[in-house]
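Peer 1: Okay, here's the prediction I keep looking at, along with the sequence it came from:
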Amino acid sequence: MQITLRQPDDWHLHLRDGDMLNAVAGVSAQHFGRALIMPNLVPPVVTGSDAIAYKSRIEAAVSRAMPGSSFQPLMTLYLTEQTSAEDVVNAAASGTILAVKLYPAGATTNSASGVTDVSRVMPVLESMAEHGVVLCVHGEVTDSNIDIFDREARFIDLVLDPLRRQLPELRVVMEHVTTRDGVQYVANSDTNLAATLTTHHLMINRNHLLVGGIRPHYYCLPIAKREEHRQALVAAACSGDARYFLGTDSAPHTRSTKESDCGCAGVFNAPNTMACLASVFEEAGALDNLEAFASLNGPAWYGLAPNEKTITLEKVGTPCVLPDPIVVGEDCVMPFDPARDIYWQVI
Ligand code: DOR
Ligand code: ZN
């Protein structure tokens, strides 16, 4: 059996910089037409001119890894409490950026320059609403007294819903939704709200992370939740509903920084996302909706045409082997292990 789709896009991707960028850029370019690039570098991508410079480093890395590739990085800015509304609006109007990313300060990798209180960035958000610039949100509260498994649900009640009531015209993407609460919040909204879903949150729950030994390569943020939440995410992704689309959150860290006494958060799923998704959608009886999720809903939300090219996936008789680790200097990045046999491959 084979299925052919419009070439997919990745609406949430970490490519890093320097040696890591050079090591991973070609991997996403192999399957994806475009990717929305996250700005959490050190220092972060804050201004329009930062984004222009970072984009050309990405393009150079992609053409070294895959000469002739048509892969297109789409840029975001990292929202800080010093961000200028004018710079954001100009960067969006000139096509330099497609969205702005809000990290609550301290929520995740390289989020120290993020936002401590949404009220401090209201003028920027008001300008974005006025000019139709999309806000991508890492939706977790960071209060130390709120349990890590509850941080997404609490963010909806304490931050996101009040913000959307105050600024209903703001177009918001809840990035990497991990809970039933998150998909229900999106399902109950009429307009101006969408969500990305990652490959790994569609495949693993917190038992995969913690039972039978701790698995640092499954540690990511937001953290994987209970199985009932994973099932709600699969139902949302497979529904065909235009408000849900693929954002892999593929986030490379070296093996030594993952397998450490304080391991980094992030799952590197760029090499096998499409094979994994075919497996998830097949199991849900929803292969017909894979194209909407991976290739159509994202561009529609961002006002872009779907890719012209296509990609073909084939069902094979024996389980596929895991992709090889990616070498970075003396170290490597381990690809996502989907914790089950996968019988699909991109041909
Ligand atoms: O697991 C994660 N890794 N979640 C994030 O929000 C950031 C990402 C990273 O940059 O490593
Ligand atoms: Zn991310």
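Peer 2: Yes, it's here. Ligands and ions are numbered 1, 2, ... in the order given.
Peer 1: which residues in this structure form helices?
Peer 2: Taking DSSP state H, the helices of the chain run over residues 18-31, 48-65, 85-93, 122-131, 151-155, 161-166, 180-187, 206-210, 227-238, 255-258, 273-283, 290-291, 297-302.
Peer 1: So what angle separates the directions of the third one and helix 48-65?
Peer 2: With axes from the mean of the first three to the mean of the last three Cα atoms, to 10 degrees as the criterion, the two stretches helix 85-93 and helix 48-65 enclose an angle of 40 degrees.
Peer 1: circling back to that earlier point, make a markdown table out of the helices of the chain and add mean neighbour count and distance to ligand 1.
Peer 2: Glycine gets a C-beta too; all of them are placed from N, C-alpha and C. Formatted as a markdown table, the helices of the chain follow (neighbours: other Cβ atoms under 10 Å; distance: least, Cβ to the nearest ligand atom, whole Å):
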| stretch | mean neighbour count | distance to ligand 1 |
| --- | --- | --- |
| helix 18-31 | 20 | 11 |
| helix 48-65 | 17 | 14 |
| helix 85-93 | 18 | 21 |
| helix 122-131 | 18 | 20 |
| helix 151-155 | 22 | 11 |
| helix 161-166 | 14 | 19 |
| helix 180-187 | 20 | 14 |
| helix 206-210 | 16 | 12 |
| helix 227-238 | 20 | 16 |
| helix 255-258 | 16 | 10 |
| helix 273-283 | 22 | 15 |
| helix 290-291 | 22 | 24 |
| helix 297-302 | 20 | 18 |
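Peer 1: ok, for residue 13, nearest residue in space, not its chain neighbours?
Peer 2: Once flanking residues are discounted, residue 13 sits nearest to residue 35: 4.1 Å by Cβ to Cβ, 6 or more residues apart in numbering.
Peer 1: and what of residue 204?
Peer 2: Excluding the flanking residues, the one nearest residue 204 by Cβ to Cβ, 6+ apart is residue 224, at 5.2 Å.
Peer 1: Residue 38 now?
Peer 2: residue 14 (4.9 Å).
Peer 1: before we move on, back to that, residue 173 is nearest to which of the helices of the chain?
Peer 2: helix 297-302 (7.4 Å; Cβ to Cβ).
Peer 1: Please name every helix or strand in contact with that closest one.
Peer 2: Here helix 297-302 touches strand 193-197, strand 244-246, going by 3 or more Cβ pairs under 8 Å, 6 or more residues apart in numbering; DSSP states H and E.
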